[in-house]
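S.K.: show me how the following folds:
(one chain, ligands or ions: 1)
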Amino acid sequence: MQILDGQAASQAIKESLKIQVAQLVAEGRKVPHLAAVLVGNNGASETYVGAKVKACAEIGFKSSLVRLDEGISENKLLGIIDELNNNMDVDGILVQLPLPKHISDEKVINAIDIAKDVDGFHPVSIGRMVQGQPSFVPATPHGIMLLLQHYKIDTKGMHAVVVGRSNIVGRPISILLSSNASPGNCTVTICHSHTKNLNEMCLQGDIIVAALGKPGFVTANMVKEGAIIIDVGITRVPDASKKSGYVIKGDVKFDEVAPKCSYITPVPKGVGPMTIAALMKNTFKACAENN
Ligand code: NDP
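M.R.: Coordinates of the predicted model:
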């Protein structure tokens, strides 16, 4: 069994971007600029946005954190997106989800300029990705593909079972794994909360992508010998013994599943850092294409 070390793979991607940014600086050219919009004070969202801003600083990107009050109106937020769209210095815009209930995620995502859609959530970006056209690929699925690439895992012909069908993880990773590309060329089964015989489905997977947000959901009896396990889940589980008051848990019972696998991502330090690396790559691409 080999651990797919997302921390190390993400560091390698960031180092490579850092060199490319230094080159831009040496040539007197514009460095990539990511604008992150954070509405309200959700603790997890704060952590994710903080990590993205920190990664920008590490690489040499410019970043702006637009902090907005929980009570901001949808129209006001759309106005701010419009300003960022028109700001020639900003290359990439990300709006940290989830947004407060009174704001439509869909309206806000649809308002982002496609050329700056570094999270890849805009329907046009998704449509292009589905058709195999150049596009921004959503950061988490993109990060998973980069991780498979980093470890030179040839997925051709494998049966991938994806548990979860969200627009940001499950559905796009199922598209990417089934694409005629490398990594890719898998036969994909996508499962959700109405799937019958989920255990048997998972047992057929040469690859299992667990993206449902249920800590420890995938157990050893659901996994065949030699499977590749990608654990996307991140859930804060209360733990009074920790200073923070919680521990981060993935969707896979790591201790019992790991001995059966060929490869497995840990949580933390698996898919999480790869999401950030993919976002950084998307931001670099946006800057290169827009300037
Ligand atoms: P969503 O809640 O949007 O989607 C969860 C999906 O899982 C749904 O499709 C749901 O089915 C399915 N599901 C829920 N329960 C079951 C079940 N018992 N059996 C089968 N399927 C089930 O979650 P996200 O996709 O946004 O996120 C999933 C997890 O990944 C979360 O823990 C999240 O924190 C984490 N995450 C991690 C990231 C990273 O960088 N590592 C980035 C993004 C998310 P249905 O559609 O029928 O409701």
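S.K.: close to the ligand: what parts of this protein are there?
M.R.: Contact residues (Cβ under 6 Å from any ligand atom) of the chain with the ligand: 140, 163-166, 168-170, 191-195, 198, 211-214, 232-235, 271-272, 275. In this view, the C-beta of every residue, glycine as well, is placed from N, C-alpha and C.
S.K.: in PyMOL, how would I select the buried members of those?
M.R.: Selection of buried members from the residues of the chain next to the ligand for PyMOL, criterion 16 or more other Cβ atoms under 10 Å:
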select buried, resi 140+163+164+165+166+168+169+170+191+198+211+212+232+233+234+235+271+272+275
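S.K.: mind checking which of the residues of the chain next to the ligand land in helices?
M.R.: Secondary structure from DSSP state H places T140, G170, L198, V271, G272, T275 of the residues of the chain next to the ligand in helices.
S.K.: contact partners for L147?
M.R.: By Cβ atoms under 8 Å, 6 or more residues apart in numbering, L147 lies in contact with L4, G6, A9, I230, T265, G270, V271, M274.
S.K.: export the ones in helices among the residues of the chain next to the ligand to CSV and tack on pLDDT?
M.R.: Formatted as CSV, these follow (pLDDT from 0 to 100):
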residue, pLDDT
T140, 97
G170, 98
L198, 98
V271, 98
G272, 97
T275, 97
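S.K.: which residues touch P215?
M.R.: Each residue near P215 by Cβ under 8 Å, 6+ apart is listed here: G233, T235, V237, K249, G250, D251.
S.K.: so for stretch 148-157, what gets flagged as buried?
M.R.: L148, H150, I153, T155.
S.K.: doesn't A12 make contact with the second one?
M.R.: What that stands for is H150. Yes - taking Cβ atoms under 8 Å as the definition, H150 is a contact partner of A12 at 6.9 Å.
S.K.: how close does the residue lying closest to V53 once chain neighbours are set aside get to V118?
M.R.: Distances taken as Cβ to Cβ, 6 or more residues apart in numbering place S63 nearest to V53, at 4.9 Å, with adjacent residues excluded. Look at S63 and V118: by Cβ to Cβ, to the nearest Å, they are 12 Å apart.
S.K.: so between those two, which is more surrounded?
M.R.: Neighbour count, other Cβ atoms under 10 Å: between S63 and V118, V118 has more, with 29 against 20.
S.K.: now do the SS call for the more buried one.
M.R.: Classification of V118 into helix, strand or coil gives coil, according to DSSP: H, G, I helix; E, B strand; the rest coil.
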